[in-house]
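In: fold the following for me, if possible:
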Amino acid sequence: MPFSTDANWPQGLLNIFNVCRNQNAPLESRYYGPYDRLFNYAVIEGSFTFVLALQTVPDETSLRDAVAFVVIMVVLNREQKPVLILEIKDDRWAKEPDKRQRADTQMRQHYDQMLFNCPISRLYGLSLLGTSLRVYCGDKITGKVTPDFVGRPNASRVLPPDFLGGEWDLDILSPDGLKKMQEIVAYIKAEAANVVG
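Out: Reported below is the predicted structural model:
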């Protein structure tokens, strides 16, 4: 069955994620393979219109003096222009308010770098903390990125434990996560087909 009509994620894909969750691989690297497979299945397979590319960008949120990098995946069209941003972190990022804040900040930085190069009117971004999903959308015309930015409640205090809590409340592997992915992929494919390249 093609992705656009699936009622559930294929069991083989779910098995890949279950195996990866039980591995003790360092940080988010254990998710790169499963997400590569998921996005190739959902967006790329059967088409030569898009490519899934790993990108390495400086982590401007890093508090360390050393240069740190963030590895993201970007779906590019034939002209190598971004049509979908994917940032993958480990499950524990969903449990810590400072990590959720960094994940949000990093996604917004990716929009600063990529939104105006997007060939379609909206650039979706998926922040994945394990399989917990937060969907972003940037409007190329206005430059607005949703969801709206939430600033630190008090600059002189630590973040409250519930800061940005519940923002990554959609499991990408759930039926609702599949439906959201189908909507986003359908939009990208329809809009990309209308772009004169």
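In: alpha carbons only for contacts and neighbour counts from here, please
Out: Fine.
In: how is the residue lying farthest from the centre of the chain assigned, secondary-structure-wise?
Out: Most distant from the centre of the chain: S156, at 30.5 Å, with distances by C-alpha atoms, centre = their mean. Classification of S156 by DSSP: H, G, I helix; E, B strand; the rest coil places it in coil.
In: could I get the pLDDT score of S62?
Out: What the model reports as pLDDT for S62 is 52.
In: then N24?
Out: The model reports N24 with a pLDDT of 65.
In: below-threshold pLDDT in this protein: ranges please.
Out: Where the chain drops to pLDDT under 70, the residues are 1, 24-28, 56-71, 196-197.
In: how about the helices in it?
Out: 11-21, 29-39, 97-114, 175-194 (DSSP state H).
In: out of those helices, which comes closest to T146?
Out: Nearest of the helices of the chain to T146, taken as C-alpha to C-alpha: helix 97-114 at 9.5 Å.
In: how distant is the closest one from the center of its chain?
Out: Centroid separation for helix 97-114 versus its chain: 11 Å, with C-alpha atoms, centre = their mean, to the nearest Å.
In: repeat for stretch 33-42
Out: Worked out by C-alpha atoms, centre = their mean, stretch 33-42 lies 12 Å from the chain centre.
In: ok, back up a step: got the phi/psi numbers for the residue farthest from the centre of the chain?
Out: phi -100, psi 10 (degrees, to the nearest 10).
In: count of neighbours near the closest residue to R122 other than its chain neighbours?
Out: Nearest residue to R122, sequence neighbours excluded (C-alpha to C-alpha, 6 or more residues apart in numbering): D139, at 4.8 Å. When neighbours are counted by other C-alpha atoms under 10 Å, D139 registers 18.
In: also F163?
Out: Neighbours of F163 (other C-alpha under 10 Å): 17.
In: what distance do you get for the residue nearest to R122 to D169?
Out: Separation of D139 from D169 (C-alpha to C-alpha, to the nearest Å) stands at 23 Å.
In: which of the helices of the chain sits closest to L164?
Out: Nearest of these (C-alpha to C-alpha): helix 97-114, 6.5 Å.
In: can you give the contact residues for that closest one?
Out: Under the contact criterion C-alpha atoms under 8 Å, 6 or more residues apart in numbering, helix 97-114 has outside partners 59-61, 82, 85, 87, 93-94, 125, 127, 138, 145, 159-165.
In: just the buried residues out of those residues, in PyMOL syntax.
Out: Only the buried entries of the contacts of helix 97-114 go into this PyMOL selection, using 16 or more other C-alpha atoms under 10 Å:
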select buried, resi 59+82+85+87+93+94+125+127+138+145+159+163+164
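In: looking at the contacts of helix 97-114, which are in strands?
Out: 82, 85, 87, 125, 127, 138, 145 (DSSP state E).
In: dump these to TSV, plus distance to G177.
Out: Formatted as TSV, those follow (distance: C-alpha to C-alpha, whole Å):
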residue	distance to G177
P82	22
I85	16
E87	16
G125	14
S127	13
G138	20
V145	21
